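[1] starting from these lines, generate the structure:
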Amino acid sequence: DKQLQAQLKRLGVNNIPGIEEVNMFKEDGEVLHFASPKVQASVGANTYVIIGHAENKKLEELLPGVINQIGAENLMSLKRIAEGFSGGMEEKK
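    So this is what the prediction gives:
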């Protein structure tokens, strides 16, 4: 851990306060979710460090709170969720 911290310091990594959550959207439609992580970054070195407990979650579990975080590559996952939801509503009629 000390070696890692020394290397990060060499890269000029600084703490970024006030980050409530970090979500990493995976290709399989799941999300690697960090609640209340410690975040450090060195934009110049293109280095970001996320420290905390991570959970694999389904995109549906994080909706609607993550809609503003979803990029174009995840729109198909969102569309499938919406179609599943609307299909379920039709069955109840």
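[2] before we move on, which element is the most centrally placed residue in the chain in?
    Most central in the chain under C-alpha atoms, centre = their mean is Asn23, positioned 0.9 Å from the mean C-alpha point. Using DSSP states H and E, Asn23 sits within strand 21-25.
[3] what does Glu27 give?
    Glu27 belongs to no helix or strand when assigned by DSSP H and E.
[4] next, count neighbours for it.
    8 (other C-beta atoms under 10 Å). Every C-beta, even on glycine, is put in place using the N, C-alpha and C of the backbone.
[5] what's the average pLDDT for stretch 20-37?
    Averaged across stretch 20-37, the pLDDT comes to 90.
[6] how about stretch 58-72: buried residues?
    Neighbour counts over stretch 58-72 (16 or more other C-beta atoms under 10 Å) mark 59, 62, 66, 70 as buried.
[7] from the chain's centroid, how far away is it?
    9 Å (C-alpha atoms, centre = their mean, to the nearest Å).
[8] just the CA coordinates of that stretch, formatted as PDB?
    Below are the C-alpha coordinates for stretch 58-72, written out as PDB (Å, rounded to 0.1, in the frame of the first residue of the first chain):
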ATOM      1  CA  LYS A  58     -28.100  -4.400 -12.400                       C
ATOM      2  CA  LEU A  59     -28.800  -1.200 -14.200                       C
ATOM      3  CA  GLU A  60     -32.500  -1.500 -13.200                       C
ATOM      4  CA  GLU A  61     -31.500  -1.300  -9.500                       C
ATOM      5  CA  LEU A  62     -29.900   2.100  -9.900                       C
ATOM      6  CA  LEU A  63     -32.700   3.700 -12.000                       C
ATOM      7  CA  PRO A  64     -33.800   6.500 -12.200                       C
ATOM      8  CA  GLY A  65     -30.800   8.000 -10.400                       C
ATOM      9  CA  VAL A  66     -28.200   7.100 -13.000                       C
ATOM     10  CA  ILE A  67     -30.100   8.200 -16.100                       C
ATOM     11  CA  ASN A  68     -27.900  11.300 -16.400                       C
ATOM     12  CA  GLN A  69     -24.800   9.100 -16.200                       C
ATOM     13  CA  ILE A  70     -25.800   6.700 -19.000                       C
ATOM     14  CA  GLY A  71     -23.700   7.100 -22.200                       C
ATOM     15  CA  ALA A  72     -24.700   6.200 -25.700                       C
END
